[in-house]
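here is the input, now give the coordinates:
(chains A and B)
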Amino acid sequence: MIIVKDLKRYYGTGKTEVKALNGVSFEIKKGEFVAIMGASGSGKTTLLRILALLDDATGGMYTIRGLEVSSLPEAERSYYRLTQVGYVFQDYALINEMSAAENVYVLSMMEGRSKKESYSTALEALDKVGLKGKHDRVPDELSGGEKQRVAIARAIAKKPDIMFADEPCANLDTNNSKQVLDVFKELNEKYGQTIIMVTHEPWHVEYVNRVITLEDGIMISDEIRTKS
Amino acid sequence: MINDIRVGALIAYCSIKRGNKKTLMFIVFVLSLIFMNLVFLPSMIGGLLGMFTGFMQDYPYGDIVIEPTGDNTYINNADNVLKKVRAVEGVRAATKRLDVGASISHKQKVVGVTITGILPIEEYDISRYPYIISEGDFLSDLSRDEIIIGAMIAGTGFGSEIYDNLGEVRPGAFVDVTYSNGVKRTYKVKGIMEGTFEVVDLNALIHYKEIEDVYGLEGKEATSVVVRVTDQGTEAKIRDKIREVGVNEQIFTWADKSESLIRQAMQSMGAIDIMSKIVSLIVGAALVLIIIYINVLNRKKEIGILKAVGITPRSIVLSYAFLSTFYVSLGIFAGLILYLTLMFYFQANPVVFYETIEISPVIDPVLLIQSIVTMLTLSVIAGILPAWSVSRESILKAIWGR
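Model (predicted):
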C-alpha cells in the first residue's frame, strides 16, 4: 500500500545541515497498525509529515497505492489529504469555534456531500469513537481525551485509506491514552483501517502489530509483533 | 467552487456564532463610526448647498432666469419675452425685474446697494420677497414712493454690525436714494425684509415703474425675466422650449446658475468634503485590514490545520471574505441607524450657522449607496488579502511556525 524508498529530508545547508531523514525505506501493507518509534530528534515526526503530505522530502520517493504522491502539485496534494489521508495531531488541532460535529463534517462538505449527509456521517464517526451525545460541544467543553477522539473522528469520517497519528497520546493521561489507543485498535481490527502512529511510549507497542524504529534519521529496526 | 463557498460560509458562520462577542461589538462600533464619517459631513454640506440653492431659486433666479446677451444692460422688449415665456406649457409664472445700483442715505449714514425694481403683485407667484417682511408691509401696485429695505441695510437684522447700515431704520422712516445716473429721490420705508441671506438682506426693492421713471425707460426693458415652472425637475426641458419659441436672450436654469455661482462658493467646502472622504476611506480600509489581519494572525494555526486536513486555500480565503463582509455589513447597519438618528435630530434641530441661517442635513440616497458599496468593496479586499497571504504559507509554518 505504501512504498517508501530512500526517503531523505535535510534542513539547512553546509555546516548547519541537519539530516532529519537520511535514506529510509520500507513498505506498509493495507490493514497494518504501525508504530514509528525513536528518541526525540530521530526523524519519526518528519517521516510522518512527509507521508501525510504536510511536508516535502529532499530526496527519495514514496507511493501510496501505486501513485507517486511525493511529486504531486499542491492542489492535488490538498485533494489527497482531504480524500485519502486522515491525520491526528498531537495537540488535537481542532477548530475551537466549531462544535465536535462541525469539526468533523466540514471535511465531508469539502468533498461535496450535502450538509445533511455530512452531518450524519459526522455523527456516525463520533459514535464510533465513543462520543455519542457530545456532537454539539465545542473543544473547550471536552476533556483532552475527548478532544483527541474528535480529532480521530474527523480523520476517520472520510474513510481514508491511511490514518496517520502523531503522538496522539502525548497530552493525555494514561486513562485517556488507553481510551484513544483502544479506539485505534478497534478501527484497525474491526474496520481494517491502516494506521501509522508515531509514539515514544514503550507501552503503546502493545496495541500495534509492527514497530519501525528510527535513530538519527535512519531506520534501525522493523519488528513485526503479535498483538496480545 | 460551490464546495469552497459552502465550506467558507460554514467556517465564517462558526466563527461569528462562537467568536468573542465583545470583540465583534467593538469592531462593529468602530466600523459604524467609519461609515458615519463617510456620510455625515457630505450630508451637512449637501444641506448647506441645498439651502443656498433654495435661496437662489426663491429670490434672484427663480427656476429659470433670462438675462441680456453679451454686453447689453437690458433685455429689450422684455414684455414680448414675457409673453412668449408665459405661453410655454409648464410655465407657472414669470415676471420682469430691473436691477440698478444706488446709494441709500438716512441721517448722514450712507450705504451702497442694489435696488431691484419689481412688479409687486407678480412677485407673490415668483419669489418669497412678499413673505419675508419682518416689519411693516410689502409693496403694493401703487407703491411708487415707497421702498422695502433689507434688514442688514436697515440695521435691524443680523449682520448689521458687519455691513454698513442705516442705523435701525424702521417702517415709516424716510430715506434718500441716489441712483447710479445721479437722480435723487426720497422714499418712505414701507417694510423691512429679512431673508437671513445676504443677497436679500443687503438689497432693496422698489416698484418696477419707479425705476423705469428714474432711468427714463420705455416699459420694455428688464435686467432679468424670472420664471417659475409648474413641476420641479422640468426646468431644463422648459428652458429648451423657451429657446424654441424664439427667445434669444441668455437662458439659465437655477441649476446652471448654481453650478457657476454656488459651486464656486462651495468649492472649498467641496474640497474639505473630498479630503474628508478620502481620509475616511483610507482610515476605514486600514482599520478593516488591521482587524482582519489580526484576526487572521490569531488564527494562523487554524488556517494551517484546515489546510492540513484538506480544506482548500480558496475556502479559507472565502471564509475571511464572508467574515469581513459580515463585520462591515453590521457596521454599515449600525452606522445607518446612528446616521439616520443624527439626521432626524438635526433636521428637527438645524445647525445654526451665522446666527440666522439654519442648516438641515440632506439624506442623499446616492451618497448612501456609494458609501455602502465602497465599504463593502473594501471589506472584501481587506478580508481576502491577509487570508490569501497566510493561506499561501506552508502548512508546517502556519501550524508550528517553521
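
what does the pLDDT read for the closest residue to A:K185 other than its chain neighbours?
Spatial nearest neighbour of A:K185, excluding adjacent residues (CB to CB, 6 or more residues apart in numbering or on different chains): A:Y207 at 5.1 Å. C-beta coordinates here come from the backbone N, C-alpha and C atoms, glycine included. Here the pLDDT value assigned to A:Y207 is 88.

who's in contact with A:Y207?
A:33, A:35, A:181-182, A:184-185, A:227 (CB atoms under 8 Å, 6 or more residues apart in numbering or on different chains).

so can I have CSV of the residues you listed showing secondary structure?
Below are the contacts of A:Y207 laid out as CSV (DSSP: H, G, I helix; E, B strand; the rest coil):
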residue, secondary structure
A:F33, strand
A:A35, strand
A:L181, helix
A:D182, helix
A:F184, helix
A:K185, helix
A:K227, coil
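
report the closest residue of the stretch 151-300 of chain B relative to chain A.
Closest contact between the stretch 151-300 of chain B and chain A, by CB to the nearest CB, is at B:R299 (8.8 Å).

residue contacts, the closest residue to B:L33 other than its chain neighbours?
Distances taken as CB to CB, 6+ apart put B:G335 closest to B:L33, at 7.2 Å, once the chain neighbours are dropped. B:G335 sits next to B:31-36, B:39 when contact means CB under 8 Å, 6+ apart.

among the residues you listed, which are in strands?
Among those, no member falls in strands (DSSP state E).

roughly how far apart are the nearest residue in space to A:C169 that is not next to it in sequence and B:F344?
Spatially, and ignoring its direct neighbours in sequence, A:C169 is nearest to A:S177 (3.7 Å; CB to CB, 6+ apart). According to CB to CB, to the nearest Å, A:S177 stands 65 Å off from B:F344.

B:N3 too?
Applying CB to CB to B:N3 and B:F344 gives a distance of 46 Å.

who has more neighbours out of the two?
Using other CB atoms under 10 Å in any protein chain shown as the criterion, B:N3 and B:F344 rank with B:N3 on top: 16 against 12.

for the helix or strand containing the more buried one, name the packing helices and strands.
Using DSSP states H and E, B:N3 sits in helix B:2-18. The contact analysis (3 or more CB pairs under 8 Å, 6 or more residues apart in numbering or on different chains; DSSP states H and E) places helix B:2-18 against helix A:100-110, helix B:313-348.

what residues does the shortest one touch?
In other words, helix A:100-110. Residues outside helix A:100-110 that contact it (CB under 8 Å, 6+ apart) are A:82, A:94-95, A:98, A:115, A:117-119, A:121-123, A:125-126, A:131, A:134-139, A:142, A:150-151, A:153-154, A:157-158, B:3, B:6-7, B:10-11, B:14, B:309-312, B:315.

and it, which residues are buried?
A:100-110 (16 or more other CB atoms under 10 Å in any protein chain shown).

related to what we said a few turns ago, burial of the residue of the stretch 151-300 of chain B closest to chain A, as a residue count?
Neighbour number of B:R299 under other CB under 10 Å is 23.

do you know how far it is from B:W388?
Taken as CB to CB, the span from B:R299 to B:W388 is 14 Å.

same question for B:F40.
From B:F40 to B:W388 the distance is 33 Å (CB to CB).

name the nearest residue to the closest residue to chain A within the stretch 51-200 of chain B, ignoring sequence neighbours.
In the stretch 51-200 of chain B, no residue comes nearer to chain A than B:M51, which is 51.0 Å away by CB to the nearest CB. Counting by CB to CB, 6+ apart, B:I359 is the residue found nearest to B:M51 once chain neighbours are left out, at 6.0 Å.

wait, what's in contact with the one you found?
If you count contacts by CB under 8 Å, 6+ apart, B:I359 has them with B:44, B:47-48, B:51, B:350-353.

quick one: which of the residues you listed has the most company?
Busiest of the contacts of B:I359 [other CB under 10 Å] is B:G47, holding 23 neighbours.

now do the strands in the chain.
Defaulting to chain A. According to DSSP E, the strands that chain A contains are A:2-11, A:18-28, A:33-38, A:59-64, A:67-68, A:85-88, A:162-166, A:194-198, A:210-215, A:218-224.

not quite, I wanted chain B
B:64-67, B:91-106, B:109-118, B:133-136, B:146-150, B:174-179, B:184-193, B:203-207, B:224-229, B:250-253, B:351-353, B:357-359.

dump the C-alpha coordinates for the fourth one into CSV.
So the one you mean is strand B:133-136. This file holds the C-alpha atoms of strand B:133-136, laid out as CSV (Å, rounded to 0.1, in the frame of the first residue of the first chain):
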residue,chain,number,x,y,z
ILE,B,133,-41.4,91.1,5.6
SER,B,134,-40.3,91.2,9.2
GLU,B,135,-41.6,94.7,9.9
GLY,B,136,-44.2,96.8,8.0
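
name the helices or strands packed onto it?
Against strand B:133-136 (3+ CB pairs under 8 Å, 6+ apart) you get strand B:184-193.

strands paired with the strand it packs on, and their directions?
Here strand B:184-193 has these sheet partners by DSSP bridges: strand B:133-136 (antiparallel), strand B:146-150 (parallel), strand B:174-179 (antiparallel).

out of these, which one sits most buried?
strand B:146-150 (a mean of 28; mean count of other CB atoms under 10 Å in any protein chain shown).

show me what from chain A comes close to chain B.
Counting by CB under 8 Å from any CB of the partner chain, chain A comes close to chain B at A:49, A:52, A:54-55, A:75, A:78-83, A:85, A:87, A:89, A:93-99, A:102, A:106-107, A:109-112, A:115, A:138, A:154.

list only buried entries from the residues you listed.
Buried among the residues of chain A next to chain B (16+ other CB under 10 Å): A:49, A:52, A:54-55, A:78, A:80-82, A:85, A:87, A:89, A:93-95, A:97-99, A:102, A:106-107, A:109-111, A:138, A:154.

for the chain, which residues score under the pLDDT cut-off?
Since no chain was named, I'll use chain A. Scanning chain A for pLDDT under 70 picks out A:227-228.

chain B, not that one
Filtered on pLDDT under 70, chain B yields the residue ranges B:157-161, B:259-270, B:353-356, B:401-402.

tell me the residues of it that contact chain A?
Within chain B, the positions near chain A by CB under 8 Å from any CB are B:2-3, B:6-7, B:10-11, B:14-15, B:17-19, B:301-302, B:305-313, B:315, B:394-396, B:399.

give me that answer again for 6 Å
B:3, B:6-7, B:10, B:14-15, B:18-19, B:302, B:305, B:308, B:310-312, B:395-396 (CB under 6 Å from any CB of the partner chain).

which one (most neighbours) among the residues you listed?
Most neighbours among the residues of chain B next to chain A, by other CB under 10 Å: B:I311, with 28 neighbours.

who's in contact with that one?
By CB atoms under 6 Å, 6 or more residues apart in numbering or on different chains, the residues touching B:I311 are A:M110.

and it, backbone torsions?
phi -70, psi 130 (degrees, to the nearest 10).

can you report how many residues neighbour the residue lying closest to A:I64 once chain neighbours are set aside?
Spatial nearest neighbour of A:I64, chain neighbours left out: A:I2 (5.5 Å); criterion: CB to CB, 6+ apart. Counted by other CB under 10 Å, the residues lying close to A:I2 total 20.

is it true that A:I2 touches A:I28?
Yes - between A:I2 and A:I28 there is a contact under CB atoms under 6 Å: 4.3 Å.

mind listing what the residue of chain A found nearest chain B touches?
Chain B sits closest to A:L82 of chain A, with a gap of 2.6 Å, by CB to the nearest CB. Taking CB under 6 Å, 6+ apart, we find A:L82 in contact with A:110, B:310.

do A:G59 as well
Residues in contact with A:G59 (CB under 6 Å, 6+ apart) are A:K8.

for it, give its distance to A:N22.
When distance is defined by CB to CB, A:G59 is 9 Å away from A:N22.
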